[in-house]
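Novice: structure for this input, please:
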Amino acid sequence: MPKGATETATLKVGDKAPDFTAPAHGGRTINLSDYIGKKNVFIAFYPLDWTPV
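Specialist: The predicted structure follows:
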């Protein structure tokens with residue numbers, strides 16, 4: 001497990017996601033809690049276009 005990571009139970013469809021902070025494009029930081037009741041959230045992880053996969 002990466003340094004600073006914590007183990008959580010597996011989320012299922014319909015479960016409330018735990019709050020988190022993550023780096024975003026342009027040097028920004030986002031918090032999931034900033035979007036509660038304001039917007040739907042979709043999170044996707046993919047390699048950058050110019051990286052070999």
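Novice: show me how far stretch 23-41 is from its chain's centre.
Specialist: The chain centre lies 9 Å from the centre of stretch 23-41; the measure is C-alpha atoms, centre = their mean, to the nearest Å.
Novice: so what touches it?
Specialist: Residues outside stretch 23-41 that contact it (C-beta atoms under 8 Å, 6 or more residues apart in numbering): 17-22. Every residue, glycine included, has its C-beta placed from N, CA and C.
Novice: quick check, nearest of the residues you listed to residue 45?
Specialist: Comparing those against residue 45 with C-beta to C-beta places residue 22 closest, at 10.2 Å.
Novice: ok, the closest residue to the closest one other than its chain neighbours to residue 9 distance?
Specialist: Leaving out its chain neighbours, the residue that sits closest to residue 22 by C-beta to C-beta, 6 or more residues apart in numbering is residue 30, at 5.7 Å. Applying C-beta to C-beta, to the nearest Å, the value for residue 30 to residue 9 is 23 Å.
Novice: who's more crowded, the two?
Specialist: Comparing residue 30 with residue 9 by neighbour count (other C-beta atoms under 10 Å), the higher total belongs to residue 30, at 14 against 7.
Novice: pretty sure the more buried one sits in a strand.
Specialist: Yes - per DSSP: H, G, I helix; E, B strand; the rest coil, residue 30 lies within a strand segment.
Novice: off-centre distance for the helix or strand of the chain with the lowest mean pLDDT?
Specialist: Least confident helix or strand of the chain, by mean pLDDT, DSSP states H and E, is strand 21-23 with a mean of 88. Strand 21-23 sits 7 Å away from the centroid of its parent chain (C-alpha atoms, centre = their mean).
Novice: and for stretch 19-26?
Specialist: That offset, for stretch 19-26, works out to 7 Å (C-alpha atoms, centre = their mean).
Novice: CA atoms only for it, dumped as CSV, please.
Specialist: What follows is stretch 19-26, C-alpha atoms only, in CSV (Å, rounded to 0.1, in the frame of the first residue of the first chain):
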residue,chain,number,x,y,z
ASP,A,19,-14.4,12.5,0.9
PHE,A,20,-11.0,12.8,-0.7
THR,A,21,-8.6,15.5,-2.0
ALA,A,22,-6.9,15.0,-5.4
PRO,A,23,-4.6,16.9,-7.7
ALA,A,24,-6.4,18.2,-10.8
HIS,A,25,-5.3,19.6,-14.2
GLY,A,26,-3.6,23.0,-14.1
